[in-house]
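A.B. asks: what's the 3D shape of this:
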Amino acid sequence: MDGVLFDSMPYHAQCWEQVCQAEGLNLTRPEVYLHEGRTAKSTIDLLARRCWGRDAEDEEVQRIYEAKCRLFNALPETPAMEGADLVLKAAKDAGLIITLVTGSGQKSLLERLNKAYPDYFVKERMVTSDDVQYGKPHPEPYLMGLQKSGVSAEEAIVVENAPLGIASAVAAGIYTIAVNTGPLAEQVLKDAGAAHVFPSMKAFAADFNEIVGRKP
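C.D. replies: Got it, this is the predicted structure:
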């Protein structure tokens, strides 16, 4: 979702950095992109172990994540990612089943998606942080996505922008396309296992039919 359907990662990076620095957790904006896709608890635990020498307590996780969400929700609404509508239309025209697999747990997720991309997403084919025990890079989110879609890994294609998301999809055995919509080097996405890396969703949309047609 973030970084693929919405150009929201700069806001997320800003908010995570601000909240974590206030809590004594050293996190910079560039590093946020490396952790993108993790559940909030996984991210906060990772930082707590590094900076505090222990996992965060449930109360700490809740407090930090709620503070981050308050900051994010106070910012202007993030725009839809340029070209994402073209990719969704191409997928729908090709008769593909569209499923969302996100590390987000936003309660307004479906409403936001339907506003920006009407008639593409349904709740029954969405996997959020509330649905999984293990977030990305564990394969569980994408394995659950396959289950909800009723398809095998060999029949699926994942579109990801984050190295942890790519690793999750590849671990689930799914052919994975990367769109480099953030500041990371292209090689980081290739090293995570992406079969192709496009510089934008718009560029992927232009080659969508060719890529789908020659997928192994």
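A.B. asks: Need the per-residue pLDDT for the most far-flung residue of the chain relative to its centre.
C.D. replies: Going by CA atoms, centre = their mean, the residue of the chain most distant from its centre is Gly53, 27.6 Å out. You'll see Gly53 listed with a pLDDT of 96.
A.B. asks: can you give me phi and psi for it?
C.D. replies: phi 80, psi 20 (degrees, to the nearest 10).
A.B. asks: Same question for Gln62.
C.D. replies: phi -60, psi -40.
A.B. asks: Run through the residues that contact it.
C.D. replies: By CB atoms under 8 Å, 6 or more residues apart in numbering, Gln62 lies in contact with nothing. (C-beta placed from N, C-alpha, C; glycine too.)
A.B. asks: Report whether Val197 is found in a strand, as I expect.
C.D. replies: Yes. Read with DSSP: H, G, I helix; E, B strand; the rest coil, Val197 is one of the residues of a strand.
A.B. asks: ok now stretch 9-19, how far from the chain's centre?
C.D. replies: Relative to its parent chain, stretch 9-19 has a centroid offset of 15 Å by CA atoms, centre = their mean, to the nearest Å.
A.B. asks: cool, stretch 21-39 as well?
C.D. replies: Relative to the centre of its chain, stretch 21-39 is centred 15 Å away, using CA atoms, centre = their mean.
A.B. asks: before we move on, the earlier item: distance check, the residue farthest from the centre of the chain against Gly24.
C.D. replies: Noted for Gly53: a distance of 12 Å to Gly24, by CB to CB, to the nearest Å.
A.B. asks: With Ala172 instead?
C.D. replies: Separation of Ala172 from Gly24 (CB to CB): 36 Å.
A.B. asks: Between the two, which has more neighbouring residues?
C.D. replies: Ala172 (21 against 10; other CB atoms under 10 Å).
A.B. asks: can I assume that one is in contact with His138?
C.D. replies: No. Assessed by CB atoms under 8 Å, Ala172 is found out of contact with His138, at 9.3 Å.
A.B. asks: Please settle this for me: is Gln147 part of a helix?
C.D. replies: Yes. Using three-state DSSP, the assignment for Gln147 is a helix.
A.B. asks: Counting neighbours, what do you get for it?
C.D. replies: Neighbours of Gln147 (other CB under 10 Å): 11.
A.B. asks: Now do it, the pLDDT please.
C.D. replies: 97.
A.B. asks: burial count for Glu66?
C.D. replies: 12.
A.B. asks: could you list every residue that touches Cys20?
C.D. replies: Asn26, Leu27, Leu47, Ile64.
A.B. asks: What subset of those residues is buried?
C.D. replies: Leu27, Leu47, Ile64 (16 or more other CB atoms under 10 Å).
A.B. asks: Helix or strand: which one has the last one?
C.D. replies: For Ile64, the element it lies in under DSSP states H and E is helix 58-74.
A.B. asks: and the nearest residue to Tyr134 once chain neighbours are set aside, what is it in contact with?
C.D. replies: Once flanking residues are discounted, Tyr134 sits nearest to Glu140: 4.5 Å by CB to CB, 6 or more residues apart in numbering. The neighbourhood of Glu140, defined by CB under 8 Å, 6+ apart, consists of Val132, Gln133, Tyr134, Ser168.
A.B. asks: Please apply the same query to Gly83.
C.D. replies: Taking CB under 8 Å, 6+ apart, one finds Ser200, Met201, Lys202, Ala203, Phe204, Ala205 in contact with Gly83.
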